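K.L.:
next one to model:
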Amino acid sequence: MPLLTASSCSLSTTTVRSDVLVIAVSGLILLQIGILGYSAIQNSPTRLEPALLAAGVSHWELGRHDLYCVNPPLVRMVAAIPVMLLGYQADWSCYDVSPDRRPEFCVGRNFVRANGPRSRMLFTGARWACIPFAILGGLACFCWSTMLWGRTAGLFALGLWTIEPNLIGHAALITNDVPAASAGLVAAFVFSKWLITPRWSWAIMTAVALAVAVLTKMTWLILFGVLPVLVLIQIIRSDKRRSLVAQSCAIPVIALVIVNFAYGGSAAVTPLEEYHFRSQRLVAGQSLLSSVGLGPLPVPVPHEFLVGLDTQLLDLQDFPSDGYMHGRWYPHGSVWYYAYAAFYKLPLGMLILCGLALIFCRTRTQTRPDNPEDHQSRLLVLGVIPIFLAGLLSSQTEINDHFRYALPCLAFLIVAVSRLAAVQPLLVRGIAWGCLFLVGMGSLANSSQDLSYFNELAGGSEQGYQYLLGSNLDWEQDLYRLDERLRTTPDRRAWLVNEGAIDARDLGVTCTEIRLFEFEQWLKTGGGPAIATGDLLVVRMNLIRARNSSGLGLDGFQGHLEPVERCGRSLLLYSPAGTDSPPQSAFPRSVAARD
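P.N.:
As a prediction, this is how the structure comes out:
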């Protein structure tokens, strides 16, 4: 995109030559492609990916957008393109559009089952197709930092984006988190350019960027509330009021047209009174608008989009999750969850950068802004959006399971701390580059296992289970590693306790699956099959910690068991001292206990 090339950034006096800069930027982009491409091969499909990929395929094949409607379709449709080209087998027998169903998880399991071990290739291709989202985010970091503080800061921001382990772990998947972080950062960057230079060309690009951000994740609906406030502030301060008012009215209209186009123009004229919402928030909103006579008016968004928002709010309302922090469960979560998670999930070098950025926030940089008022407006955009988003996330204590939801805030934070690479004190700049090196070393130590990354304050990834669970540690990403491990000892039978999104055997993993509810019953009663001496019992880390906060041992199943080794970062292997008789016959194919 031309708006994200170096020529679109403010290129004032800098300490980096243009030819060196081009080489450095190109090298970092190639490095990122290599890291993400390798990680995409190494990790098995995570909990949401089968459903996301099957839904993306359904959008292309069936021309419908109601599967996995709780998030917009852009990312999964991009991921499905290689799958459409490579060829696949589909099983839509679980497809059910009843309002109280979430059929995408069953459809995802059937998709993997239909394609068998070939699913590995399909998921790899789908993940590679999503790498451009991460590249887009890196270029946005580079351009925004360059515009604010010069090319050195821009290069620093791009480097930090490239090697930050949380971003690496999720950018190598087909989930929405890193694409949303990238698209939100691009939208904010383009908006800041338009805010200072209110031209129609920038207004149109702002509308496009805003639409793309919303199409990556519904989280960015907040921009329709935050950006008008920033526009109002700029109108008060600027002498270009007429242009700002006219164009600011056109931007959301153009953005909504693009969003409707992405959904195929599906039912964007459905009257509000014809919706049958189930979540309390939308029901209350619908009642309020109907009471003032707005019920017959058409809703200017796609029908599936609004139904998806209603479904997502209903899930938060009816299925809240307890928060796990520091070995304890917190009913209904905590407003401090994301701050706590950041303390242990962000690299130590990144935490030091944040501290330095606060201390030296008023220290002058090597480059001076041409217009201090415009510079302040850009900084206002950079600060207000992530602060508002962080506040919104912290208030939603029903979903204290995943630090990944805060990745869009991390994108803005990277731009903010990149200022340290351009401050005048040489010592501070040296410490900043040292922190960047420290982040890189931490990422290298977790090569291809960045989903389970924890910093040195947590004792590294090996001790992360004591602090956080959910996708922070175990997102079913180690089934490929389990397969490699079992191939080294083919004479030992493996029993996998699994309540995951797919059956591991569909990926070619040779094991006997045990249903979670059966295993829990065995732990309570001491029953179940006698697993032969030398065989392996494989249990996911999340399952162990969910029932036992004192350690990783198992009590009540063939005595007391301690893990003999780990497979990857999320699977524990136990070797029971049972009888030498063969285990009982295999259990039926497992299904997820709860999606």
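K.L.:
any chance you could map the helices in the stretch 151-300 of the chain?
P.N.:
For the stretch 151-300 of the chain, the helices defined by DSSP state H, counting those that start in this stretch cover 151-163, 165-171, 177-196, 200-216, 223-237, 241-262, 280-291.
K.L.:
please apply the same query to the stretch 301-450 of the chain.
P.N.:
Using DSSP H, counting those that start in this stretch, helices in the stretch 301-450 of the chain cover 303-318, 337-345, 348-359, 372-395, 407-417, 426-445.
K.L.:
between those helices, which gets nearest to residue 20?
P.N.:
Evaluated with Cβ to Cβ, the helices of the stretch 301-450 of the chain place helix 426-445 nearest to residue 20, the distance being 15.5 Å. For every residue, glycine as well, the C-beta is placed using N, CA and C.
K.L.:
just the buried residues of the closest one, please?
P.N.:
428, 429, 431, 432, 435, 436, 438, 439, 440, 442, 443 (16 or more other Cβ atoms under 10 Å).
K.L.:
can you pull the contacts of the third one?
P.N.:
So the one you mean is residue 431. If you count contacts by Cβ atoms under 8 Å, 6 or more residues apart in numbering, residue 431 has them with 352, 356, 420.
K.L.:
try it again at 10 Å.
P.N.:
349, 352, 353, 356, 420, 425 (Cβ atoms under 10 Å, 6 or more residues apart in numbering).
K.L.:
quickly find the element holding residue 19.
P.N.:
helix 18-42 (DSSP states H and E).
K.L.:
what comes up buried for the following helix or strand past that helix?
P.N.:
Note on helix 18-42: by DSSP H and E, the next helix or strand toward the C-terminus is helix 49-62. For helix 49-62, burial by neighbour count (16+ other Cβ under 10 Å) applies to 49, 50, 51, 52, 53, 54, 55, 56, 57, 58, 59.
K.L.:
got the residues you listed as a markdown table, with distance to residue 89 and pLDDT columns?
P.N.:
Shown next, in a markdown table, are these (distance: Cβ to Cβ, whole Å; pLDDT from 0 to 100):
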| residue | distance to residue 89 | pLDDT |
| --- | --- | --- |
| 49 | 17 | 96 |
| 50 | 14 | 96 |
| 51 | 17 | 96 |
| 52 | 18 | 97 |
| 53 | 13 | 97 |
| 54 | 11 | 96 |
| 55 | 16 | 96 |
| 56 | 15 | 96 |
| 57 | 10 | 97 |
| 58 | 13 | 95 |
| 59 | 17 | 94 |
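K.L.:
distance to residue 172 for those residues - can I get that in CSV?
P.N.:
Converted to CSV, those look like this (distance: Cβ to Cβ, whole Å):
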residue, distance to residue 172
49, 11
50, 16
51, 18
52, 14
53, 14
54, 19
55, 19
56, 17
57, 20
58, 23
59, 22
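K.L.:
dump the residue contacts of the residue nearest the centre of the chain.
P.N.:
Centroid check for the chain by Cα atoms, centre = their mean gives residue 177 as the closest residue, at 2.3 Å. Residue 177 is in contact with 75, 166-167, 169-171, 216-217, 219, 402-408, 410, 471, counting by Cβ under 10 Å, 6+ apart.
K.L.:
can you check residue 292 too?
P.N.:
Taking Cβ under 10 Å, 6+ apart as the definition, residue 292 has no contacts.
K.L.:
and the angle from the helix holding residue 19 to helix 151-163?
P.N.:
10 degrees (axes from the mean of the first three to the mean of the last three Cα atoms, to 10 degrees).
K.L.:
among the contacts of residue 431, name the buried ones.
P.N.:
Buried, going by 16+ other Cβ under 10 Å: 349, 352, 353, 356, 420, out of those.
K.L.:
buried residues, stretch 320-331. List them.
P.N.:
So, applying 16+ other Cβ under 10 Å, buried residues of stretch 320-331: 320, 321, 322, 323, 324, 325.
K.L.:
pLDDT value on the second one, please?
P.N.:
Okay, so that is residue 321. pLDDT recorded at residue 321 is 79.
K.L.:
domain parsing for the protein?
P.N.:
As assigned by automatic domain parsing, the chain contains the domains 2-39+133-267+302-324+360-390+407-418, 44-129, 479-574.
K.L.:
distance to residue 455 for these - can I get that in TSV?
P.N.:
Putting these into TSV (distance: least, Cβ to Cβ, whole Å) gives the following:
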stretch	distance to residue 455
domain 2-39+133-267+302-324+360-390+407-418	9
domain 44-129	21
domain 479-574	14
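K.L.:
who wins for proximity to residue 338 among these?
P.N.:
That would be domain 2-39+133-267+302-324+360-390+407-418 among the domains of the chain, by Cβ to Cβ, at 6.7 Å.
K.L.:
for the closest residue in space to residue 500 that isn't next to it in sequence, give its distance to residue 432.
P.N.:
Nearest non-adjacent residue to residue 500, counting by Cβ to Cβ, 6 or more residues apart in numbering: residue 476, 4.6 Å away. Per Cβ to Cβ, to the nearest Å, residue 476 is found 37 Å from residue 432.
K.L.:
any idea how far the nearest residue to residue 189 once chain neighbours are set aside lies from residue 191?
P.N.:
Leaving out its chain neighbours, the residue that sits closest to residue 189 by Cβ to Cβ, 6+ apart is residue 144, at 4.7 Å. Per Cβ to Cβ, residue 144 is found 11 Å from residue 191.
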